[in-house]
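K.L.:
Please work out how this folds:
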Amino acid sequence: MNKNADSGLSEVVSVALILTVLILVIIMWVLIAFPIMGTNAEQVHNGDVFLEFAQMKADVDTVWLSNSTGITRQAVFTLSPAADRTEVTVFPNLLLAASFGTVTLQYGSMYTRGSETYATVEILYTSSNMYAEEINILYDGGTLSQNDRVILSGSDFGSGSYVVVVNTADVPETVIGGSGVATLNYRLKEIIDPTPGSSDVDHLCVFTMGLQ
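P.N.:
Next up is the predicted model:
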């Protein structure tokens, strides 16, 4: 009977040791591997979002340069690594549940032409990362910046600029947040040149935009 008792005790001790080792491995994985993988996923996503904004800027520039009015185009912004369609990773989306982002369509500088009020369109992405550094990406009337540093400048010709604007009566300010995607639909309506004899110097590229 003592032998049976000793054998049973040994099995219990062995199981306890195995469970202890497994728990320690899981703890080490959570403390070391998760942050590393999370940081990598968020850093990759930070770069992907900037590329999405750069592609949108290039397309908007192409639209007004070619004066392609009446054609609706679309840009998609991924709000978090969980929604990143280009990133191939084994990192579970559950571990990035605390990572999300916000895209805001808001008004910048105001212009008045006749009875209409136009505003420089600002499209702002703000990250809320769990591991990596936070970033802010701003498209402001044609200029693209990240963390207050201009990366791609707007379009200046002579004494004036071609500025991307919206009619405040037609386009509302909008905020989209979460971990999915935000979609921007935009269409060039017209280009308003400076009024002869006035102090106006900027060419207004009037777009209709909707963020959803």
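K.L.:
Keeping just the C-alphas, turn stretch 165-176 into PDB.
P.N.:
Presented in PDB, the C-alpha positions along stretch 165-176 are these (Å, rounded to 0.1, in the frame of the first residue of the first chain):
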ATOM      1  CA  VAL A 165     -11.900  72.400 -50.200                       C
ATOM      2  CA  VAL A 166     -15.500  71.400 -49.500                       C
ATOM      3  CA  ASN A 167     -18.600  73.500 -49.400                       C
ATOM      4  CA  THR A 168     -19.600  73.600 -45.700                       C
ATOM      5  CA  ALA A 169     -23.300  73.600 -46.700                       C
ATOM      6  CA  ASP A 170     -22.900  70.300 -48.500                       C
ATOM      7  CA  VAL A 171     -20.300  68.300 -46.500                       C
ATOM      8  CA  PRO A 172     -20.600  67.800 -42.800                       C
ATOM      9  CA  GLU A 173     -17.700  67.200 -40.400                       C
ATOM     10  CA  THR A 174     -17.600  63.500 -39.500                       C
ATOM     11  CA  VAL A 175     -15.700  61.200 -37.100                       C
ATOM     12  CA  ILE A 176     -15.300  57.500 -37.600                       C
END
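K.L.:
So for the longest helix that the chain contains, what gets flagged as buried?
P.N.:
The longest helix of the chain (DSSP state H) is helix 34-65. By 16 or more other C-beta atoms under 10 Å, the buried positions in helix 34-65 come out as 37-38, 40-46, 48-50, 52-54, 56-57, 60-61, 63-64. All C-beta spots, glycine's among them, are computed from the backbone N, C-alpha and C.
K.L.:
I figured residue 49 hits residue 75, correct?
P.N.:
No: counting by C-beta atoms under 8 Å, residue 49 sits too far from residue 75 to count as a contact (11.3 Å).
K.L.:
Next one: the residue nearest to residue 113 when sequence neighbours are not counted relative to residue 166, how far apart?
P.N.:
Of all residues not flanking residue 113 in the chain, residue 192 sits nearest, at 5.7 Å (C-beta to C-beta, 6 or more residues apart in numbering). In this view, residue 192 and residue 166 are 12 Å apart by C-beta to C-beta, to the nearest Å.
K.L.:
what touches both of these two?
P.N.:
Listed contacts common to residue 192 and residue 166 are 118, 206; contacts here mean C-beta atoms under 8 Å, 6 or more residues apart in numbering.
K.L.:
what about the chain, any weak spots by pLDDT?
P.N.:
Along the chain, segments meeting pLDDT under 70 span 1-10, 29-34, 83-97, 156-159.
K.L.:
That one: strands as residue ranges?
P.N.:
73-78, 100-113, 116-128, 136-140, 143-146, 149-152, 155-157, 160-167, 174-178, 181-192, 203-211 (DSSP state E).
K.L.:
one step back: now for the residue nearest to residue 113, how many residues are close by?
P.N.:
18 (other C-beta atoms under 10 Å).
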